[in-house]
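A.B. asks: Dropping the sequence and predicted coords here.
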Amino acid sequence: MADEPKKKTATLFMKFLIEEVADDSELDEAALIALGKRFLREQQSMDDDDDEGLMSSDSDDESAKKKKKQKKKAATTKKKKGPKKEKDPNAPKKPLSSYMLFSKASRADVKASCPTMTPSELMKELGSQWRGLEEADKKPYADAYAKDKARYDEEMKTYSAAKPFGARD
C-alpha cells in the first residue's frame, strides 16, 4: 500500500485548491505551480504532533463519521430488559408444530442418506422437503398437531385452575 500516502496527499491538495481557488475559475499554469509549491511547503512545515491546518479536516471528517456510526448503533440497539422470567417446571409443554413433527420424523432418514450434512444444511433440506409436500401428505402431521394442541389446552385448563387468578411466581 505504498500508494496510500500519495492518494492522501493528492486528496489534501485538492481540498487545498478548492479552498484557495474558490472564486477563480481560470488558473494559468504558473499560478497552479505556485499553489502546488505553497501547498508542499505548508505540508512539510507541519509537525506530526500538530494536527492543525489541512490534516485536521480529515481527522474531523473521520471523527464525525465515527460519531454518526456510534449514534446509529445506539439507536438500533435494543434496550436491556429485566431478568428473564423463570418457567414453571410443572407447566405443560407446548405442542410441536406440524413442521416440527415432520422434521422429527424425517430427520433420521435424511441424515442417513447424507451423513456429511451439517445441521444447518440438514434443516434446509427438511424445509425444502416440507415445502414440496402436498396438503394430503401434510395432513397426518396436521392431525397430530391438532391432537397435541387439544392435550395442551386441556392440561393448561387444569394447570391454570390450580393457580389462583393473577398469581405470579
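C.D. replies: Looks like it arrived, so ask away.

A.B. asks: show me what contacts P92?
C.D. replies: 152, 155-156, 159 (CB atoms under 8 Å, 6 or more residues apart in numbering). C-beta coordinates here come from the backbone N, C-alpha and C atoms, glycine included.

A.B. asks: Look up phi and psi at it.
C.D. replies: phi -70, psi 150 (degrees, to the nearest 10).

A.B. asks: in terms of contact count, name the helices or strands touching the top helix by length along the chain.
C.D. replies: For the chain, the helix that runs over the most residues, judged by DSSP state H, is helix 135-162. For helix 135-162, the packing partners by 3 or more CB pairs under 8 Å, 6 or more residues apart in numbering; DSSP states H and E come out as helix 98-113.

A.B. asks: Dump the C-alpha coordinates for the helix it packs on into CSV.
C.D. replies: The C-alpha trace of helix 98-113 is given here as CSV (Å, rounded to 0.1, in the frame of the first residue of the first chain):
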residue,chain,number,x,y,z
SER,A,98,-46.8,-29.9,12.2
TYR,A,99,-43.5,-28.9,10.5
MET,A,100,-41.5,-29.8,13.7
LEU,A,101,-43.4,-33.2,13.9
PHE,A,102,-42.4,-33.8,10.2
SER,A,103,-38.8,-32.8,10.9
LYS,A,104,-38.6,-35.1,13.9
ALA,A,105,-40.0,-38.0,11.9
SER,A,106,-37.9,-37.4,8.8
ARG,A,107,-34.6,-36.2,10.2
ALA,A,108,-33.1,-39.6,10.7
ASP,A,109,-33.9,-40.7,7.1
VAL,A,110,-32.3,-37.5,5.6
LYS,A,111,-29.3,-37.8,7.9
ALA,A,112,-28.8,-41.5,6.9
SER,A,113,-29.0,-40.6,3.2
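
A.B. asks: how does this protein divide into domains?
C.D. replies: Using automatic domain parsing, the domain parsing of the chain gives 7-67, 98-162.

A.B. asks: related to what we said a few turns ago, closest one of the contacts of P92 to P89?
C.D. replies: Minimum distance to P89 across these is 11.7 Å, recorded for Y159 (CB to CB).
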